[in-house]
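A.B. asks: coords below, sequence missing:
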Ligand SMILES: NC(=O)c1ccc[n+]([C@@H]2O[C@H](COP(=O)([O-])OP(=O)(O)OC[C@H]3O[C@@H](n4cnc5c(N)ncnc54)[C@H](O)[C@@H]3O)[C@@H](O)[C@H]2O)c1
Ligand SMILES: [Zn+2]
């Protein structure tokens, strides 16, 4: 088996590692990109004062839109910015990566090299965006999401400070935490799998089952927060090169049409695709290595976890029509679907959405 592995991001992990930000910035003119949450809490102000030579951009919403990226890129060009510090969840980090190109319209992005380096400081656990070459940007006018992939999107540093996640409400803990499980499981069974990513995925899956219910139940459980931050990082490393598969492909229309948050939309179909992927020998061996008796027990465990942490397990409340289901099927045909180890046909997608419609 031939494979390639690359991980250019310098990783700093641990409680209070945010204090290392000034030395990683090292005097460069910085744009602190963050979400309104941190401005309201006073943290943005405190951090920008510590950095000194720093401007702030905090107009970032969940699933950031191309227009928000363009505004931030304008700030990068106009402010002669040398470095972006991205403090936030995947939405903030992805926006910062896309804006680091400094181009006028991200919708016209082809494959430019990044001009400004990004220091990613995740505050959810999470997307793993701090170590990936992906930036997911929405085009709300078109009603679509575009995962842009370029090696120039790798941040220069990832500063992972689990204490920054203590303030996450249970709902965001659950939504972002189930995304970690999807990254790990999908990275593992991906057609582009490789041994280094496999071992990261294996470890991340175990951590999520052990610690996500604890972090959800008690946001101040410091051990659970630290382990979820570790799981998020490992899962990011596990899927960055292999890429995700069917659950992520289906999540894009579920988010852009029905506004279901990213992680919840991915997790919604993970147990279904686990059962479909039973035909894949690697999926079966992963599940055995995790000490589950069979594929169905593992799929049931995912379903139970979703229920335990208050995530949706169906789409009954949306009263989906035949047309709605057909639209979901068509828009689920993202290239990630082709990365699934078992071929996902229209019939399988129809079965999936009909099942979710009733639940
Ligand atoms: N680049 C990648 O590799 C990658 C991978 C997976 C997902 N994504 C993308 O990332 C986005 C989702 O990111 P996310 O799940 O991290 O959520 P998010 O960044 O959208 O944040 C969700 C909410 O939580 C708030 N928040 C964040 N940190 C907080 C904290 N510590 N305390 C209180 N509130 C806080 C935010 O302000 C926001 O309102 C989606 O757009 C998704 O497509 C990217
Ligand atoms: Zn994801």
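C.D. replies: Cool, got the structure. Small disclaimer: the values here were computed from a predicted structure and weren't measured. Numbering: from 1, shown residues only. Ligands and ions are numbered 1, 2, ... in the order given.

A.B. asks: Show me what from this structure comes close to ligand 1.
C.D. replies: Contact residues, the chain versus ligand 1 (C-beta under 6 Å from any ligand atom): 35, 37, 62-63, 88-92, 94, 123-124, 126-129, 132, 134-136, 164-165, 167-168, 172, 176, 179, 262-263. All C-beta atoms are positioned from the backbone trio N, CA, C, and that covers glycine.

A.B. asks: Those residues, buried ones only, as a PyMOL selection?
C.D. replies: Here is the PyMOL command that selects the buried residues among the residues of the chain next to ligand 1 (16 or more other C-beta atoms under 10 Å):
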select buried, resi 35+37+62+63+88+89+90+91+92+94+123+124+126+127+128+129+132+134+135+136+164+165+168+172+176+179+262+263
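
A.B. asks: Out of the residues of the chain next to ligand 1, which sit inside helices?
C.D. replies: Secondary structure from DSSP state H places 37, 90, 91, 92, 94, 172, 176, 179, 262, 263 of the residues of the chain next to ligand 1 in helices.

A.B. asks: for the helix or strand hosting residue 158, packing partners?
C.D. replies: If you go by DSSP states H and E, residue 158 is part of strand 157-160. Under the contact criterion of 3 or more C-beta pairs under 8 Å, 6 or more residues apart in numbering; DSSP states H and E, strand 157-160 touches strand 10-13, helix 21-25, strand 117-122, helix 222-240.

A.B. asks: what's the most buried one of these?
C.D. replies: strand 117-122 (a mean of 27; mean count of other C-beta atoms under 10 Å).

A.B. asks: surely residue 309 meets residue 214?
C.D. replies: No - counting by C-beta atoms under 8 Å, residue 309 does not reach residue 214; the two are 10.4 Å apart.

A.B. asks: Quick check on those two: which one has the bigger neighbour count.
C.D. replies: residue 309 (20 against 15; other C-beta atoms under 10 Å).

A.B. asks: returning to what we had before: want to try TSV for the helices and strands packed on strand 157-160, with distance to residue 268 and mean pLDDT as columns?
C.D. replies: Converted to TSV, the helices and strands packed on strand 157-160 look like this (distance: least, C-beta to C-beta, whole Å; pLDDT from 0 to 100):
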stretch	distance to residue 268	mean pLDDT
strand 10-13	30	98
helix 21-25	36	97
strand 117-122	23	98
helix 222-240	18	98
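
A.B. asks: where are the low-confidence patches of the stretch 1-150 of the chain?
C.D. replies: Residue ranges of the stretch 1-150 of the chain with pLDDT under 70: 112, 114.

A.B. asks: which residue ranges form the strands in it?
C.D. replies: Under the criterion DSSP state E, counting those that start in this stretch, the stretch 1-150 of the chain contains strands at 10-13, 30-34, 54-57, 83-88, 117-122, 134-139, 144-149.
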